[in-house]
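**Student:** Return a 3D structure for these sequence lines:
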Amino acid sequence: MLAIINSDNYLSVNTLLLTCITIDRSMTTEMIETFLSKPFPLLTMINCRYTGINSIPTIQSLTSIDCRGCINLTSIPVLHNLEKLNCSRCVGITSIPTLTNLTSLDFSDSPNINNIPGDLYNLTSLECSGCAISSIPILPGLTNIYCSECDNITSIPELPNLRYLDFSESINITSIPILNSLKKLSLSGCSNITSIPMLPNITSLNCSRCDGLTRIPILPNLTRLDCSACSNITSIQGLDDLTELYCNECPNLNSISELPRLSKLYCSSCGNLNSISELPNLTLLDCRICSNLTSIPVFPYITSLNSSYCNRLKVHTIPLKFLDLSALSNDVIYQAIEHNSLNLEYIQMYLNATKSCKEDKREFLEYIIHNSILVKSALKR
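**Tutor:** Alright, predicted model coming up:
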């Protein structure tokens, strides 16, 4: 039986049949203490998040506790059947007891917890972002770790069953072990990481803002890569299964090649990129503000292309339906007309279809059309 306990019913509810309770935030600490002093023979779940509760009752039938944001709590009792515990943002809690059946633990943003018990052998999911812990024990059952913004952690143990690992913004991490079961890895902002090991089963990697990285290794099953703002990466190649690539703001990136299955490429603001190799399955390309890009190959399946503010890009390499005249300088437009890579019919179509074109650019384009028509009429006479 599920019940929401509030200031109106906490004295009258029959607790003998309750299996799950949610304590309303409006209840005072005294009301909560009075209610929890009753017997709960069948209770398995307590949801008391962001309330004034100051202690969790020792009810051994409990399997799930959500007490996030309960700033008055100072401890969690030993509950042998507890499987799920969320005590994130509990600033008064200083330690996690031995909970032998625990499978899921979240104590994110609980700054006074600085240790994880090494005997949580059934634990599969751990969330401890923004905490003061300095190490993660070897818990072979772990499959998911969310541990961003943990500045005291410098290394990660070898965990044979780990599938998801997030250490974003943990700035003192220096290396990653070989994790053969890992599927997803996020190291965004880990500036001291200098290399990514061979991870044979990884499918998604986020290593954006990792300035220590100089290369991306060949990862045979990788399908999604975000290495944006990695200032020392110069090339990305040889990732046969990659379908999505985000490499925006990589100032030294000069080569993107040998990515046969790539369908989406975001490489804006890569100032050193001067060419993009043929990518036979590409459907989306965002290469805005690539100041040295001079040409774009033919992509047979392209459906979305943004090449705005690529000042050196030759207009004739851009399919007309993707050409944004408002982002081209007047000189580039003049040159394109002179070399017959831009015709007046397209300019007129662009003006008819585009309402967001700036007034000065619209006046310039209309001037070109008008004067070109006059020139053609004079030649005919």
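
**Student:** Can you give me every residue that contacts Thr103?
**Tutor:** 83-84, 122-125 (Cβ atoms under 8 Å, 6 or more residues apart in numbering). C-betas here are computed from N, CA, C, even on glycine.

**Student:** Could you rerun that using 10 Å?
**Tutor:** Residues in contact with Thr103, defined by Cβ atoms under 10 Å, 6 or more residues apart in numbering, are 63, 82-85, 120, 122-125, 141, 143.

**Student:** likewise Asn112?
**Tutor:** Taking Cβ under 10 Å, 6+ apart, one finds 74, 90-95, 131-132 in contact with Asn112.

**Student:** For Met198, give its distance to Gly238.
**Tutor:** For Met198, the distance to Gly238 (Cβ to Cβ, to the nearest Å) stands at 13 Å.

**Student:** okay, and for the stretch 251-381 of the chain, where does confidence drop off?
**Tutor:** Applying pLDDT under 70 to the stretch 251-381 of the chain picks out residues 315-323, 327, 332, 335-336, 338-343, 372-381.

**Student:** what about the helices in it?
**Tutor:** Using DSSP state H, counting those that start in this stretch, the helices assigned to the stretch 251-381 of the chain run over residues 330-338, 344-353, 359-380.

**Student:** Quick check: Leu365 touching Tyr334?
**Tutor:** No - using Cβ atoms under 10 Å, Leu365 is not in contact with Tyr334; the gap is 11.3 Å.

**Student:** and those two? which has more neighbours close in?
**Tutor:** Leu365 (21 against 14; other Cβ atoms under 10 Å).

**Student:** Give me the spatial nearest neighbour of that one, chain neighbours excluded.
**Tutor:** Among residues not flanking Leu365 along the chain, Ile347 sits closest, at 5.4 Å (Cβ to Cβ, 6 or more residues apart in numbering).

**Student:** Neighbours of that neighbour, how many?
**Tutor:** 20.

**Student:** same thing with Glu278?
**Tutor:** That count, for Glu278 with other Cβ under 10 Å as the rule, works out to 12.

**Student:** ok, for it, nearest residue in space, not its chain neighbours?
**Tutor:** Pro297 (4.8 Å).

**Student:** With Asn254 instead?
**Tutor:** Using Cβ to Cβ, 6+ apart, the nearest residue to Asn254 is Asn272, at 4.8 Å.

**Student:** do Thr29 as well
**Tutor:** Nearest to Thr29 is Gly52, by Cβ to Cβ, 6+ apart, at 4.0 Å.

**Student:** Counting neighbours, what do you get for that neighbour?
**Tutor:** Counted with other Cβ under 10 Å, the neighbours of Gly52 add up to 19.

**Student:** shift numbering so it begins at 27
**Tutor:** Understood, numbering begins at 27; the last thing we discussed is Gly78.

**Student:** so how far is Asp92 from it?
**Tutor:** For Gly78 relative to Asp92 (Cβ to Cβ), the value is 15 Å.

**Student:** Likewise for Ile79?
**Tutor:** 11 Å.

**Student:** Looking only at neighbour counts, state which of these two leads.
**Tutor:** Set Ile79 next to Asp92 and count neighbours by other Cβ under 10 Å: Ile79 wins out with 22 against 19.

**Student:** contacting residues for the more buried one?
**Tutor:** Contacts of Ile79 (Cβ under 10 Å, 6+ apart): 49, 53, 55, 58-59, 61-62, 72, 93, 96-99.

**Student:** what are the phi and psi angles of it?
**Tutor:** Phi and psi for Ile79, reported as degrees, to the nearest 10, are phi -60, psi 140.

**Student:** Please tell me how far it sits from Arg51.
**Tutor:** In this view, Ile79 and Arg51 are 10 Å apart by Cβ to Cβ.

**Student:** so what pLDDT did the closest residue to Glu59 other than its chain neighbours get?
**Tutor:** With sequence-adjacent residues excluded and distances taken as Cβ to Cβ, 6+ apart, Glu59 is closest to Asn80, at 7.4 Å. The model reports Asn80 with a pLDDT of 94.

**Student:** ditto for Leu251
**Tutor:** pLDDT, Leu251: 98.

**Student:** How is it assigned, secondary-structure-wise?
**Tutor:** When classified by DSSP: H, G, I helix; E, B strand; the rest coil, Leu251 comes out as strand.
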